[in-house]
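Novice: output the structure for:
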Amino acid sequence: MVTPARVVVLPKDPGPMRVEEVEIPDPLGHEVVIKEFASGICHSQLHTIHGARRSDVVLGHEATGEVLAVGEAVTHVKAGDKVLLTFQPRDLRTTDRMPSVAGVQLSDGGSAMSSNIFTWSTHTICDDQYVIPVPADTPMDVTAPVGCAVLTGAGAVLRAANVQPGQSVAIWGVGGVGLNAVAAARMAGASPIIAVDLDNEKLALATRFGATHTVNAAEVDPIEAVRQMTPGPADAHGFRGSPIAGADFAFDVVAKPQSFAQAFAATRNSRNAVHGGGTTVMVGVPQGTFELPALEMLMNEKQIVGTIGGTAVPEVDIPMFIEWFKNGDLDLDSLVTSRIGIDEINEATKLLEDGKVLGRSIIEF
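Specialist: Numbering: from 1, shown residues only. Okay, the predicted model is just below:
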C-alpha cells in the first residue's frame with residue numbers, strides 16, 4: 001500500500017523548486033516510511049540549489065516525524081514511534097553496512113534523488129540509519145533542527161574539538177548552526193565564549209545562548225578583538241618574542257575564505273615546548289578557494305580540523321540534546337525564528353540566502 005506525499009523537487013535545469021504529489025512505496029529491508037511534522041531549512045542546501053545537477057533532486061536533511069511502517073530488517077523503531085531524522089548515520093561504529101540513498105519516482109516517469117535523505121516533504125522514506133527514536137512527549141516542531149543544526153554546531157564543540165572547561169572559544173557565524181556551537185561551549189564550561197558575526201541582532205541572540213562576548217566584524221577588526229579578549233600570561237612569549245594571545249578554538253561556521261583566514265589568525269600562538277597553538281575547526285561547507293596559512297601554522301604550531309556533522313554520533317548525541325532542551329539548557333524555541341508551509345519553500349530559501357533568517361527556519365506540515 002503506497003503512501004501519498006507532497007515533496008519539494010529541485011529541477012535539473014535552473015529554475016524555481018516545485019511541490020509535486022508522489023507515492024511513497026512500502027518499505028523493504030532497512031527502509032522506514034515516516035509522516036513528517038516539521039523540517040529545518042539548512043544553509044548547506046543552498047549549495048545544491050545553486051550547483052550543477054544531472055537530474056531532479058529532493059532536499060532536506062533534518063526533521064521530526066512519526067513512523068508509519070518499517071522494512072523487515074528494521075529493529076530499533078516501529079510504527080507509531082516519534083523520531084528525528086538526520087543526515088548522519090546513527091552509529092557506524094556498530095555496522096559495516098552503508099546506508100541506502102533515498103529518492104522518489106516523479107509523475108513524469110523520471111526520478112529525483114537525494115544525497116542521503118529528503119525531508120522537504122509531508123512523508124519520506126529513508127534508510128533506518130538516519131532515524132533516531134525520541135520520547136513520545138518530545139515537541140515535534142522546534143526539535144526539527146536537532147538532526148543537523150544542533151548536531152553539527154554542538155557536535156563540533158563536543159566531539160570534533162573536545163572543548164574543556166576554561167578553554168577559550170570564538171565562533172564565526174552565529175546563525176542556526178553557530179548558536180548551537182555557542183550553547184555547547186557554555187555546556188562544556190568554555191570561557192570566554194566569543195560570538196563573531198556581521199549582524200547585531202544575531203549577536204544579541206548569541207548572548208542568550210551563552211556567548212560572553214560579541215564582535216561585529218563589520219565594525220571592528222575581529223582578529224584583534226578576539227586576541228584582546230584572550231590574552232596569555234604577560235610574561236609569556238611565543239616565537240621571536242611575540243606575546244601569547246588568541247582563542248584556544250575558533251569555529252568557522254561561515255566557511256568563506258575571509259572568515260577562515262580571520263578565525264585562523266585569531267587562534268592562540270604557541271609557547272615553544274610549553275604549549276601548542278590554537279585550533280581552527282571548519283564547520284560550515286567551504287565556499288570558494290582557501291589559502292593555507294602554512295608559515296603561520298608552522299611557526300605558531302596551530303592546527304586545522306575539519307568536521308562533517310560535528311563528528312557526532314546521532315544515536316548517542318541526539319538523546320542528549322533532547323535532554324538539554326527539556327532541561328532548559330538548549331533554547332530551541334528561540335532557535336526557530338521562522339515557520340513556513342511547504343508551498344513557500346522558494347521564498348524561504350531566498351530569505352535564507354539574503355541573510356534575513358535570524359536562527360533557523362522550519363517547514364511545518
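Novice: got phi/psi on residue 32?
Specialist: The phi/psi pair for residue 32 (degrees, to the nearest 10) reads phi -130, psi 130.
Novice: do you know how far it is from residue 230?
Specialist: Counting by Cβ to Cβ, to the nearest Å, the gap between residue 32 and residue 230 amounts to 46 Å. C-beta coordinates here come from the backbone N, C-alpha and C atoms, glycine included.
Novice: okay, those two: which has more neighbours?
Specialist: Of the pair residue 32 and residue 230, residue 32 is the one with more neighbours under other Cβ atoms under 10 Å, namely 28 against 25.
Novice: who is that one paired with across the strands?
Specialist: residue 70, residue 126 (DSSP bridges).
Novice: so what's it scoring on pLDDT?
Specialist: On the pLDDT scale, residue 32 is placed at 98.
Novice: all strands of the stretch 201-350 of the chain, in order?
Specialist: With DSSP state E, counting those that start in this stretch as the criterion, the stretch 201-350 of the chain has strands at 213-216, 249-252, 279-282, 303-306, 336-340.
Novice: between those strands, which one is closest to residue 171.
Specialist: Nearest of the strands of the stretch 201-350 of the chain to residue 171, taken as Cβ to Cβ: strand 249-252 at 4.7 Å.
Novice: how far off centre is that closest one?
Specialist: Remark: strand 249-252 is offset 14 Å from the chain centroid, using Cα atoms, centre = their mean, to the nearest Å.
Novice: same question for stretch 98-112.
Specialist: On Cα atoms, centre = their mean, the centre of stretch 98-112 falls 25 Å from the chain's centre.
Novice: can you give me the end-to-end span of that stretch?
Specialist: This stretch, stretch 98-112, spans 20 Å end to end (Cα to Cα, to the nearest Å).
Novice: in that stretch, what counts as buried?
Specialist: Residues 99, 100, 102, 103, 104, 106, 112 are the ones in stretch 98-112 that count as buried (16 or more other Cβ atoms under 10 Å).
Novice: deepest of the strands of the stretch 201-350 of the chain, which one?
Specialist: Highest mean neighbour count among these (mean count of other Cβ atoms under 10 Å): strand 249-252, with a mean of 30.
Novice: other SSEs contacting that strand?
Specialist: strand 169-172, helix 257-265, strand 279-282 (3 or more Cβ pairs under 8 Å, 6 or more residues apart in numbering; DSSP states H and E).
Novice: C-alpha coordinates for it, CSV please?
Specialist: Output of strand 249-252 as CSV, limited to C-alpha atoms (Å, rounded to 0.1, in the frame of the first residue of the first chain):
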residue,chain,number,x,y,z
PHE,A,249,39.5,27.1,19.4
ALA,A,250,38.0,29.1,16.6
PHE,A,251,35.0,27.6,14.8
ASP,A,252,34.4,28.7,11.2
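Novice: what mean pLDDT does that strand get?
Specialist: Strand 249-252 comes out with an average pLDDT of 98.
Novice: tell me the strands beside it, with direction?
Specialist: By DSSP bridges, strand 249-252 pairs with strand 169-172 (parallel), strand 279-282 (parallel).
Novice: now tell me what touches that strand from outside.
Specialist: 156-157, 161, 163, 167-173, 178, 181, 190, 226, 259-260, 263-264, 266-267, 278-284 (Cβ atoms under 8 Å, 6 or more residues apart in numbering).
Novice: write a PyMOL command that selects only the buried members of the residues you listed.
Specialist: Those of those that count as buried under 16+ other Cβ under 10 Å are selected in PyMOL with:
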select buried, resi 156+157+161+163+167+168+169+170+171+172+173+178+181+190+226+259+260+263+264+266+267+278+279+280+281+282+283+284
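Novice: run a quick neighbour tally on residue 276.
Specialist: The burial count assigned to residue 276 is 16, neighbours taken as other Cβ under 10 Å.
Novice: local confidence estimate at it?
Specialist: The model's pLDDT for residue 276 equals 81.
Novice: okay if I get the helices and strands packed on strand 249-252 as a markdown table plus mean pLDDT and distance to residue 118?
Specialist: Listed next are the helices and strands packed on strand 249-252 as a markdown table, based on pLDDT from 0 to 100; distance: least, Cβ to Cβ, whole Å:
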| stretch | mean pLDDT | distance to residue 118 |
| --- | --- | --- |
| strand 169-172 | 98 | 29 |
| helix 257-265 | 97 | 29 |
| strand 279-282 | 98 | 26 |
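Novice: fine by me, we can end here.
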